[in-house]
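Enquirer: Predicted structure and sequence below. I'll ask about it afterward.
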Amino acid sequence: MKKAQKAKAETFITEAEGLLSKRSWFSSSKERNDEEAAETFEKAANAFKVGGLNQDAGDTYVRAAELYRDRLSDFNHASKAFNSAGTCYKKHSPPDAVMAFQQAVSLYTDNARITQAAKLSKEIAELYENEEIDEEEKSHVVLAIEAYEQASELFGMEDSKSAASQCLVKIAELCSAALDPPDYSRASKIYDDLGRRCLTSNLLKYNAKGYFLQAVLCHLANSDDVGAEQACAKYESLDYTFGDSREGKFANSLIEAVKGYDVEEFATTCFEFDRISKLNPWQTSILVKVKRSIDEGGDGDDDDSDVDLT
């Protein structure tokens, strides 16, 4: 099947290239040839795709997309073709997928298709994050953060608050757990803002405690127990239920253990909280860093893979 589909695709490509090289005295005829060539390139790309030749399919979708964009000013078909190219590239050539998706995002935003642009920006961010694609002097973490920022802004334009918040959470996680060196201050501010937003909604207000806890953990990971203590006091004034909540009690107990350099109390506090509310991977990672800083008098830069919270 692969050989048959490849042969079919190559026949379509020859046909498309013939249309492009055909001479015409009339602009309408030339435009018609370009349209037919772009459509034929798409047929070739589809044949490659069916045959499992995803790199060839992606390359050919790009040829169609560039024709639609540059010669025909058909930005709708161009964005679709770039999107199709990115989808074909994803498994075998993530950097090519990113480039194709970026072209599609640019066309989507220029043509006020903001939701599509936001979704694709988020997909680009996930590719940078999961495939560890570095570019020039920027690490994949920085690139992922930038793409999530763009996605969050675009979702915000469409009033997709939940999707925008999900992107902000990813930014905070990457800033605090993956960026080197970590930017705990930025992460804590994001969690602070997300918690405050939750308090303005009856449906989401119960989520505020979780975000406020994350903000406190960022302060502690930043060796700032004073900032953590001040944050707790602030959250108790913003949300009168925070102080007596499981999250609030956990935060205050952690602060006391850190202030007293009490490693045993810190580990016990984490264990007791985890028994009822399972710590997620991000929380575990941050708490390990905090425990390491207590163990080593504030120096939390060493490898923490062997540290046990219990």
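Expert: That came in fine, so what should we check first? Model, not experiment: these values are computed from the prediction. Residues are numbered from 1 along each chain as shown.

Enquirer: Would you confirm that Pro116 contacts Leu107?
Expert: If you look again at residue 116, you'll see it is Gln, not Pro. No: taking contacts as CB atoms under 8 Å, Gln116 lies outside contact range of Leu107: 9.4 Å. The way it works is simple: take the backbone N, C-alpha and C, and place the C-beta from them, glycine included.

Enquirer: Pull up the overlap in contacts between these two.
Expert: Ser79 (CB atoms under 8 Å, 6 or more residues apart in numbering).

Enquirer: Looking at these two now, which is surrounded by more residues?
Expert: Counted by other CB atoms under 10 Å, Gln116 and Leu107 do not tie: Leu107 has more neighbours, with 24 against 18.

Enquirer: And that one, which helix or strand is it part of?
Expert: For Leu107, the element it lies in under DSSP states H and E is helix 94-110.

Enquirer: which helices and strands sit right next to that helix?
Expert: If you count contacts as 3 or more CB pairs under 8 Å, 6 or more residues apart in numbering; DSSP states H and E, helix 94-110 packs onto helix 54-70, helix 75-89, helix 114-131.

Enquirer: got the CA positions of stretch 266-278 in CSV?
Expert: C-alpha atoms of stretch 266-278 as CSV (Å, rounded to 0.1, in the frame of the first residue of the first chain):
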residue,chain,number,x,y,z
PHE,A,266,8.2,19.0,57.9
ALA,A,267,8.2,15.4,56.8
THR,A,268,5.4,14.5,59.2
THR,A,269,3.3,17.4,58.0
CYS,A,270,3.7,16.4,54.4
PHE,A,271,2.9,12.7,55.2
GLU,A,272,-0.3,13.7,57.1
PHE,A,273,-1.5,15.9,54.3
ASP,A,274,-0.7,13.3,51.6
ARG,A,275,-2.7,10.7,53.5
ILE,A,276,-5.9,12.7,52.9
SER,A,277,-5.2,14.9,49.9
LYS,A,278,-2.7,13.2,47.6
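
Enquirer: Okay, Thr241 and Phe250: tell me how far apart.
Expert: The gap separating Thr241 from Phe250 is 14 Å, by CB to CB, to the nearest Å.

Enquirer: So between these two, which is more surrounded?
Expert: Phe250 (23 against 13).

Enquirer: Counting neighbours, what do you get for the residue nearest to that one when sequence neighbours are not counted?
Expert: Excluding the flanking residues, the one nearest Phe250 by CB to CB, 6 or more residues apart in numbering is Phe273, at 4.7 Å. The number of residues packed around Phe273, counting by other CB under 10 Å, is 22.

Enquirer: what's the answer for the one 3 residues further on, then?
Expert: Using other CB under 10 Å, Ile276 has 8 other residues around it.

Enquirer: can I assume it is in contact with Arg246?
Expert: Yes: between Ile276 and Arg246 there is a contact under CB under 8 Å: 6.7 Å.

Enquirer: So for this protein, the centremost residue is which one?
Expert: Ala125 (3.6 Å; CA atoms, centre = their mean).

Enquirer: Please report the distance of that residue from Ala144.
Expert: Counting by CB to CB - Ala125 and Ala144 are separated by 5 Å.

Enquirer: Need the residues touching each of the two.
Expert: Lys170.

Enquirer: Name the residues of stretch 193-204 that are buried.
Expert: Leu194, Gly195, Arg197, Cys198, Leu199, Leu204 (16 or more other CB atoms under 10 Å).

Enquirer: what about the residue nearest to Phe250, which helix or strand?
Expert: Using DSSP H and E, Phe273 falls in helix 263-276.

Enquirer: Pull out the buried residues from that helix.
Expert: Neighbour-count burial for helix 263-276 [16+ other CB under 10 Å]: Glu265, Phe266, Ala267, Thr269, Cys270, Phe273, Asp274.

Enquirer: again, but for stretch 240-252
Expert: Phe242, Gly243, Ser245, Glu247, Gly248, Phe250, Ala251, Asn252.

Enquirer: now what about that stretch, what contacts it?
Expert: Stretch 240-252 is contacted by residues 208-210, 212-213, 216-217, 228, 232, 235-236, 269, 273, 276-277 when judged by CB under 8 Å, 6+ apart.

Enquirer: any idea of the mean pLDDT for it?
Expert: Stretch 240-252 shows a mean pLDDT of 97.
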